[in-house]
Structures are given as C-alpha cells and as structure tokens.
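Enquirer: This is a predicted model, with the sequence first.
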Amino acid sequence: MEPLDQFVAIAHRVVWASVATVDRRSRPRSRVLHPIWARDGDGLTGWVITRPTPLKVAHVAHAPYVSCTYWDPAHDTAVAECDAAWEDDPDVRAAVWQRFLDAPEPLGYDFAQIFPDGPQSPGAGFLRMRPWRIRTHRVIAGEPARVWRG
C-alpha cells in the first residue's frame, strides 16, 4: 500500500488527530481535532470542521501550516505536514459537511449537533489541509516507515 493510502487508512481508523499550529512567537500549540481525508489527484486534502477560535485564526494567519499526528495502540503512526487555510466557499463547505455525514462512524459525524445552522453556521470554521509530506509507520507489523513528498 502506498503512503497516501496507508495514511488515510490509519487516520480514518484512529479518527482523532493531534493537530499542531505555530503561534506568533513561533511556539507550537496542539489540540485534538477530527479530520477527514480524501485523495485529490496525486495528493491528499484533509478537512476539519471546528470553531475558528481567535487562537486558531491567528496561528493560521501567522504560519499557514499544521502538523497532524495519529497514533494507535498497535503503534501505527501517521503524520501529515500540511499547508492550511480557512475555506469560505459555500459550495465547498456544503460538500465537506456532506462528506462527514456520508462517512461511516466513528469517522462520520453529524456536526449539526454543534452547528445547528449547517455548513453556513456562523460559528463553523472549515480548515483545509494539503500535505507536502506524509510519513506512516506500522511498527508492530514490522513494516519500514514510508514517506511521501508532494
């Protein structure tokens, strides 16, 4: 399995990622988020529906990058180093919202519980992540680490 497909398999199995941004003083800041990923030609695009808090907005404005890390008890790891940007296009937001609705649980999720006005809810932020580097490693399976660079 190639690194991008292995990354998606691990990420969608683990579901929750530790996502790091960088603040205005170049210090990392991590939080746990629920991304969903899709192959996009030869690359990958990840999406997070989250509250665009002042910290998240300021961090992405200062340094438009995130690092997403997944780990499971079998020591499968998947890391994506990404460009990041907030998405405002209503059609794209609706498509991402639907992608979450259509995905099987636990990856799939109905965000209407948090954002009752749907994808155009004023408090809903849509963060797009496009990796330039992916690394996967299945330690217990005895597989070597795999790296993809976009």
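Expert: Cool, got the structure.
Enquirer: what comes up buried for the helix or strand containing residue 101?
Expert: Residue 101 is located in helix 90-102, with elements delineated by DSSP states H and E. For helix 90-102, the neighbour count (16 or more other C-beta atoms under 10 Å) marks 93, 96, 97, 99, 100 as buried. Glycine gets a C-beta too; all of them are placed from N, C-alpha and C.
Enquirer: what residue is smack in the middle of the protein?
Expert: residue 35 (3.6 Å; C-alpha atoms, centre = their mean).
Enquirer: ok now do that residue, which residues does it touch?
Expert: For residue 35, the contact set (C-beta atoms under 8 Å, 6 or more residues apart in numbering) comprises 11, 17, 19, 46, 47, 48, 68, 129.
Enquirer: Strands - which of these land there?
Expert: With strands defined by DSSP state E, the entries of the contacts of residue 35 inside them are 17, 19, 46, 47, 48, 68, 129.
Enquirer: before we move on, the earlier item: pLDDT of the helix holding residue 101, averaged?
Expert: Helix 90-102 shows a mean pLDDT of 98.
Enquirer: So which residues make contact with it?
Expert: So helix 90-102 is in contact with 36, 38, 47, 49, 87, 107-111, 118-120, 124, 126, going by C-beta under 8 Å, 6+ apart.
Enquirer: Go again with 6 Å.
Expert: The contact list for helix 90-102 (C-beta atoms under 6 Å, 6 or more residues apart in numbering) reads 36, 47, 109, 119, 126.
Enquirer: Kindly report the same for stretch 15-29.
Expert: Stretch 15-29 is contacted from outside by 30-35, 59, 62-63, 66-70, 106-107, using C-beta under 6 Å, 6+ apart.
Enquirer: In these, which has the lowest confidence score?
Expert: residue 106 (94).
Enquirer: so it, which of the three states?
Expert: At residue 106 the chain is in coil, as set by DSSP: H, G, I helix; E, B strand; the rest coil.
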